[in-house]
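Chemist: only geometry, no sequence info:
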């Protein structure tokens, strides 16, 4: 026994929760004829070791540290046993007989931001050894004095299971035997100033339901059934396909009769049917990563790797994605790498230092939202974020990621006055580290998951958001067209008698419509914070509001770019969106049926006439007339690059019917109506209307032929030439 050299100070460090290398003391130490096992059971009244049903008495050294001598040739899994003051006996395998698994290469790659499969290493993972099964824990906390896993299995005792600071890398690891799927845990982190922080696992894949904050070990058993979708996805050129997105907040889309949330599985079938019925190609979920505050709508994330437990567990979310894919519906998720909240159990000052956030508050604190900003200059933080994005694409088969608040990432002076921001190394206001991060993120996604899409919510005129990185761009596939959205809603919100003075609000968007690959968003942001619903924004009485809403949606579907609509528009929702209720509470059945018919038809036209092929082709759009301010009418062609499918759109933005209205056309013949927003099928007036119109040789708008039509009030008409191809 005396031949074992142990340091009393090292033992005291374990007892005082100050040890970074508990493996130097704890675990089996082999001698010639015996083995000495050191273990730490701070709640023990009596401790011993059991080997193959044989009991070996342990010697108490100091505090909760014991040692026990057993035969050197023992085989099998020995058990550390102890009784507590209540007399309860605990038997457990020894965590310190297992070495850390993370390699030097993995540590280096993580530091450099290149360990992009970090989600397979960090966090909690169920493992099975020949001796036993258990859970491996890995966490990054380089400025901690000591880190311990705590949970029900050790009565949440700080320091009971001290982790190993692997090769002093700041990455802590420990395999704990005999705990399994469903175990609740946190990390107890001893800081340099002696405080002990209880933190959630940054890589936790499942959590308790708020307000509880524990992480849960989760071992997925899900078997996917979307092989066909995943196989085909990589070969689809979405730039030339219809993309029509239904944006949803699951907690307020529909609820149970008692007001409780639907689970992922409960909403799955009905959501699939609803989206398919309306003709959308994709669903976009507002952030589903775990967040503590319902009122943040998911945009203040704590657990980036965990789908929120409000609606079920990770495999139930996988089922929802799987069923959507089986129904031909793509899945996009909102993601928030721009900032994170200040909840004490989360990422903020994770190890007592500014680990995930910039240290300087002029860079690290967001004045608008009271949140913290990620330090994009740290390789480990970049690694955390990129591996998180890839995690959703890999393990949840997500098809697209929409990044929220990109503008706040790009500019160092975003929402900051003079003296409250730090210039970059060139004296400019661009956040060069964030730019590098976004480019690395997008290139990583494109390389590993072809066929997925990265979407930017970027509200400024930053150039080249969707340009290739090799050409100096950021490398996104799509960008929300915020300028189009603001101008369009301002125009449609105005009383029709004033619209002729604001027609440039509509026409100006075409000057930059093809400068990026745009998505046209009428999103949740436009129906909150006192802005009212889309229906309530429209001028006039209820009937006029509905006519204007039909006109707005029709205009959106006619305009170049992919489409996005927030839930509720299909029912003509009158009230502003409220995250605490469901959108169908104020549903008017007739209005709902009419709006659903409208969306079905617009989505069908978008697909039937291959309009998605030319969303980003400037040759696909041709004005006929954008200067008829007196009548407040505009008209244009949308056509494919081969000109075989040409649609003539005419918009009457006033509540006055226009009789004998003449439109110039490039080809004589017969034109057949394919859409009329004033149709009674869509809740319109059914005003006098001709389904087929013949051209004559009256020149108009620079064309040798024209046709005379009646424009119903507040209407969109769409005609297709049916005699011969337009040359």
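Modeler: Cool, got the structure. Model, not experiment: these values are computed from the prediction.
Chemist: for residue 178, give me its contacts.
Modeler: Shown in contact with residue 178 (CB atoms under 8 Å, 6 or more residues apart in numbering): 92, 93, 132, 133, 134, 153. Glycine gets a C-beta too; all of them are placed from N, C-alpha and C.
Chemist: same question, residue 309
Modeler: Residues in contact with residue 309, defined by CB under 8 Å, 6+ apart, are 206, 207, 208, 209, 210, 290.
Chemist: for residue 207, see how far away it is.
Modeler: Distance, residue 309 to residue 207, using CB to CB, to the nearest Å: 6 Å.
Chemist: avg pLDDT for stretch 525-544?
Modeler: On average, the pLDDT along stretch 525-544 is 92.
Chemist: cool, stretch 145-162 as well?
Modeler: Mean predicted confidence for stretch 145-162 is 97.
Chemist: equivalent analysis for stretch 639-659, please.
Modeler: For stretch 639-659, mean pLDDT rounds to 87.
Chemist: what about it, start to end distance?
Modeler: Start to finish, the residues bounding stretch 639-659 are 27 Å apart (CA to CA, to the nearest Å).
Chemist: what comes up buried for that stretch?
Modeler: 639-640, 645-655, 657-658 (16 or more other CB atoms under 10 Å).
Chemist: and those, which two are the farthest apart?
Modeler: Spatially, the most separated pair among the buried residues of stretch 639-659 is 640 and 655, at 33.7 Å (CB to CB).
Chemist: so who does residue 539 touch?
Modeler: 493, 494, 495, 496, 545, 548 are the contacts of residue 539 under CB under 8 Å, 6+ apart.
Chemist: narrow those residues to those that are buried.
Modeler: 493, 494, 496, 545, 548.
Chemist: filter the residues you listed down to the ones in helices?
Modeler: Members of those lying in helices (criterion: DSSP state H): 493, 545, 548.
Chemist: which parts of the stretch 101-250 of the chain are helices?
Modeler: Assigned by DSSP state H, counting those that start in this stretch, the helices in the stretch 101-250 of the chain fall at 104-111, 227-233, 250-253.
Chemist: for the first one, packing partners?
Modeler: Counting contacts by 3 or more CB pairs under 8 Å, 6 or more residues apart in numbering; DSSP states H and E, helix 104-111 packs against helix 379-395.
Chemist: pull the residues that contact the helix it packs on.
Modeler: By CB under 8 Å, 6+ apart, helix 379-395 touches 109-119, 140, 202, 220, 304-305, 333, 335, 337, 356, 374-376, 398, 401, 437, 440-441, 444-445, 448-449, 452.
Chemist: which of those residues are buried, as a PyMOL select command?
Modeler: Buried residues among the contacts of helix 379-395 (16+ other CB under 10 Å), as a PyMOL selection:
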select buried, resi 109+110+111+113+114+115+116+118+119+140+202+304+305+333+335+337+356+374+375+376+398+401+437+440+441+444+445+449+452
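Chemist: tell me which helix or strand residue 319 sits in.
Modeler: helix 314-326 (DSSP states H and E).
Chemist: show residues contacting that helix.
Modeler: With CB under 8 Å, 6+ apart as the contact definition, helix 314-326 has outside contacts at 205-206, 218, 220-222, 224-226, 229-230, 263-265, 267-269, 271-272, 275, 283, 288, 306-307, 311, 330-331, 396-398.
Chemist: which SSE is immediately downstream of it?
Modeler: Helix 314-326 is succeeded, C-terminally, by strand 330-335 (DSSP H and E).
Chemist: just say helix, strand or coil for residue 513.
Modeler: coil (DSSP: H, G, I helix; E, B strand; the rest coil).
Chemist: related to what we said a few turns ago, of the contacts of residue 178 - the most surrounded one?
Modeler: residue 134 (24 neighbours; other CB atoms under 10 Å).
Chemist: for it, give the beta-bridge partners.
Modeler: residue 127, residue 177 (DSSP bridges).
Chemist: distance of it from residue 153?
Modeler: For residue 134, the distance to residue 153 - CB to CB - is 10 Å.
Chemist: who touches both of those two?
Modeler: 176, 178, 179.
Chemist: I'd say the last one and residue 136 touch.
Modeler: No. In this structure residue 179 lies outside contact range of residue 136 using CB atoms under 8 Å: 10.7 Å.
Chemist: the two - which one has more neighbours?
Modeler: Per other CB under 10 Å, whichever of residue 179 and residue 136 has more neighbours is residue 179, with 23 against 19.
Chemist: where does the record place the domain boundaries for this protein?
Modeler: The record's domain parsing of the chain by automatic domain parsing lists 8-93, 104-216, 242-610, 619-721.
Chemist: how far out from the middle of the chain is the second one?
Modeler: Distance of domain 104-216 from the chain centroid (CA atoms, centre = their mean, to the nearest Å) equals 24 Å.
Chemist: mind checking the end-to-end distance for it?
Modeler: For domain 104-216, the end-to-end distance is 28 Å (CA to CA).
Chemist: over to the third one?
Modeler: End-to-end span of domain 242-610 (CA to CA): 7 Å.
Chemist: if we can go back for a sec, which one of the contacts of residue 309 has the most neighbours?
Modeler: Going by other CB under 10 Å, residue 290 tops those with 27 neighbours.
Chemist: beta partners for that residue?
Modeler: Counting by DSSP bridges, the residues bridging with residue 290 are residue 303.
Chemist: let me see the contact set for it.
Modeler: Counted by CB under 8 Å, 6+ apart, residue 290 has contacts 204, 207, 301, 302, 303, 306, 307, 308, 309.
Chemist: average pLDDT for stretch 709-725?
Modeler: pLDDT averaged over stretch 709-725 gives 87.
Chemist: from residue 632, how far off is residue 502?
Modeler: 9 Å.
Chemist: so between these two, which is more surrounded?
Modeler: Neighbour count, other CB under 10 Å: between residue 502 and residue 632, residue 632 has more, with 21 against 16.
Chemist: state the distance from that one to residue 522.
Modeler: 21 Å.
Chemist: appreciated, that's everything.
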